[in-house]
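Colleague: Coordinates for the following, if possible.
(one chain, ligands or ions: 2)
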Amino acid sequence: MSYIAGINAATQRTDLNEILSQIFHIAPPQFDPTTGTARFGYGLDGRLFTEILEFPRGIDPEKSRSDAFVKLLGLTAIVLGVSYFKLKAPLAIEIEGIPLTAAERDFVIDVYENGLGEFYARNNLIRFGRLVLEAPEAPGPAPGAVTLEDRTLLPIGGGKDSLVSVELLKAAGVDFTPFAVNPKGPILGCVEAIDKPALYVRRTLDAEMIRLSGQPGFYNGHVPSTAINSMIAALCALLFGYNRIVLSNERSASEGNVVFDGREANHQYSKSLEFETRIAAVLAGATGGALTYFSLLRPYSEARIAELFARETRYDHVFSSCNRNFRLSGHDGPLWCGECPKCHFVFLILAPVMQKDRLVSIFKRNLLAERQHEASFRELTGLAGQKPWECVGEILEAAACLHVLTGRPEWAGDAIVAALRDDLLAQYGEPVLLEAMRELMTDSPDHHVPAELAARIATHAL
Ligand SMILES: CC(=O)N[C@H]1[C@@H](OP(=O)(O)OP(=O)(O)OC[C@H]2O[C@@H](n3ccc(=O)[nH]c3=O)[C@H](O)[C@@H]2O)O[C@H](CO)[C@@H](O)[C@@H]1O[C@H](C)C(=O)N[C@@H](C)C(=O)N[C@@H](CCC(=O)O)C(=O)O
Ligand SMILES: Nc1ncnc2c1ncn2[C@@H]1O[C@H](COP(=O)(O)OP(=O)(O)OP(=O)(O)O)[C@@H](O)[C@H]1O
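Modeller: Residues are numbered from 1 along each chain as shown. Ligands and ions are numbered 1, 2, ... in the order given. This is a model prediction of the structure:
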């Protein structure tokens, strides 16, 4: 199929001439060290948008003038741009005044292609390999090195994963500063329980972009939030002196949801090992190797993280993995909605490793006893449909956990466990489910945790 025909065949909602004539414009960002405010400007289809980041006060203006900070501010402008780009998803992206090396161009294309993979798949938009990026070329490979203090910034998401990192770092004797963008609900509750001073950034998206999203003529969809939060963390690292950003992304996040347009589209792409490798290289390149970025939990499956989480009870009534808590407009419902695939998945992986009454007291109900969720659990375990577009673990992981419960007297009679038991055995067979569970509890060597830290962590995670 020709280039034009390929676009034509798959862009059903947008007229071909319109896409070809549109350009997404990214303006040079501005940063004011006295107020700690960064402003990012975008243009699309005759409209201008502005996104604002507000950092803590007390910034040394010299730090914001370093080549490395200027470079990362530019890259952040580009990464934050995905929210505005997605309104029309044109093929051309024009970047003004932000020079890029070849490696940075590849990174940007990766964010705009694979980072938006779910968005393209769900809107049936053919964009992979077709985006045209116009940006000034950076004269040299990278700015000079910056000096950063030997300190760790730990992004906190309010869920179990970053709390497992908290406990592993504490056990290994590594000090850290909790970090969050737009902290609310469970994030604030977790940071209070962690009991360390935190670093917070306020992020304000352009209200007009939010209003237009999904209106006639405008697309809406998922954006790579971990890429966005990571770039904001990197700016904080340079402004406040941290040489290490430690993520809490599990190995299960590397599994995609569907194959679309010849590629795997992954809801959690910017939590994957592939993205971690790319962003770590870009951050190191921009800082002369001073800033490192890795996920402490990469060796672990979600099932293994659940087992590590269950060892500590102090977060039981403050944490939540339910994404309804993190809507921009806020959320005044319970910590766990109990209705979404993420609630179902987290309940399922905690059940084999937690006392039943403890788990039920966290969720305030027994989700495995509620028959109305059967379809959702069937999707999670691969008995129906596709892996949900949510932050859930691998299909076989969910199936193996459910199978474990069929052998536990306290769970075996619950409606979902009883309803899925025979279908799981018929679909996978017991040897596959048992082997999957053994493999899920075996730590993967495929990670970027520095060797010395990995060895210390492994001792505590035994
Ligand atoms: C909280 C949440 O899950 N939001 C997703 C949801 O958006 P919704 O409309 O229900 O609420 P809001 O988040 O308040 O969004 C309002 C509108 O604003 C747009 N928007 C939001 C944030 C942003 O950075 N850019 C934006 O343009 C949004 O599109 C709405 O129009 O559904 C959206 C569409 O599918 C999702 O894009 C929202 O997801 C948020 C961006 C988000 O922060 N999600 C994380 C909780 C999340 O999914 N994390 C993944 C990791 C993904 C990754 O690759 O890093 C995970 O934990 O696995
Ligand atoms: N608002 C935020 N600010 C900063 N970092 C965040 C924010 N939300 C999520 N993160 C980080 O992004 C990564 C992915 O978030 P994710 O939601 O998977 O983790 P979590 O909330 O710790 O655990 P769970 O999977 O149980 O929700 C984690 O490293 C998390 O700490």
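
Colleague: Leaving out the residues flanking it, which one is nearest to R371?
Modeller: A415 (4.4 Å; CB to CB, 6 or more residues apart in numbering). Backbone N, C-alpha and C define where each C-beta goes, glycine included.

Colleague: residues near that neighbour, how many?
Modeller: The tally of other residues near A415 (other CB atoms under 10 Å) stands at 16.

Colleague: Was I right to think it contacts F377?
Modeller: No - look at A415 against F377 with CB atoms under 8 Å: they stay out of range, at 9.8 Å.

Colleague: intersection of neighbour lists for these two?
Modeller: Common neighbours of A415 and F377 are listed as L368 (criterion: CB atoms under 8 Å, 6 or more residues apart in numbering).

Colleague: that older thread, contact partners for the residue nearest to R371?
Modeller: Listed by CB under 8 Å, 6+ apart, the contact partners of A415 are L368, A369, E370, R371, E374.

Colleague: Give me the local confidence score for the closest residue to the third one other than its chain neighbours.
Modeller: With CB to CB, 6+ apart as the measure, A415 is the residue that lies nearest to E370, at 6.9 Å, once sequence neighbours are left out. According to the prediction, A415 has pLDDT 98.

Colleague: and what of L328?
Modeller: For L328, the pLDDT comes out at 88.

Colleague: correct me, but it touches S213?
Modeller: No - checked against CB under 8 Å, the pair L328 and S213 is beyond contact range at 11.1 Å.

Colleague: Of the two, give the one with the bigger neighbour count.
Modeller: The neighbour comparison of L328 against S213 (other CB under 10 Å) goes to S213, with 16 against 12.

Colleague: So that one sits against K88, correct?
Modeller: No - using CB under 8 Å as the test, S213 is too far from K88 to be in contact (11.1 Å).

Colleague: Find residues that contact each of the two.
Modeller: Residues touching both S213 and K88 by CB under 8 Å, 6+ apart: Y219.

Colleague: Most neighbours out of the contacts of A415, which is it?
Modeller: L368 leads these on contacts (other CB under 10 Å) with 26 neighbours.

Colleague: which non-adjacent residue is nearest L212?
Modeller: Excluding the flanking residues, the one nearest L212 by CB to CB, 6+ apart is F218, at 4.7 Å.

Colleague: and the one you found, what does it touch?
Modeller: Contact analysis of F218 by CB under 8 Å, 6+ apart lists L87, K88, L212.

Colleague: measure the last one to L116 for me?
Modeller: Between L212 and L116 the distance, using CB to CB, to the nearest Å, works out to 17 Å.

Colleague: Those two: which has the busier surroundings?
Modeller: The neighbour comparison of L212 against L116 (other CB under 10 Å) goes to L116, with 25 against 21.

Colleague: Give the phi and psi angles for the residue nearest to E370, as a check.
Modeller: phi -50, psi -50 (degrees, to the nearest 10).

Colleague: neighbours around the nearest residue to G330 once chain neighbours are set aside, how many?
Modeller: The shortest distance from G330 to any non-neighbouring residue, by CB to CB, 6+ apart, is to K184 (6.7 Å). K184: 15 surrounding residues under other CB under 10 Å.

Colleague: Pull up the per-residue confidence for K184.
Modeller: Looking at K184, its pLDDT stands at 93.

Colleague: how about the strand or helix carrying A426: buried residues?
Modeller: For A426, the host element (DSSP states H and E) is helix 415-428. By neighbour count with 16 or more other CB atoms under 10 Å, helix 415-428 contains the buried residues A415, I416, V417, A418, L420, R421, L424, Y428.

Colleague: Would you mind naming what in the chain lies close to ligand 2?
Modeller: Along the chain, the residues adjacent to ligand 2 under the rule CB under 6 Å from any ligand atom are 155-162, 179-182, 187, 226, 229, 247-249, 271, 321, 391.

Colleague: Can you select the buried ones among the residues you listed for me in ChimeraX?
Modeller: Buried residues among the residues of the chain next to ligand 2 (16+ other CB under 10 Å), as a ChimeraX selection:
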select :155,156,157,158,159,160,161,162,179,180,181,187,226,229,247,248,249,271,321,391
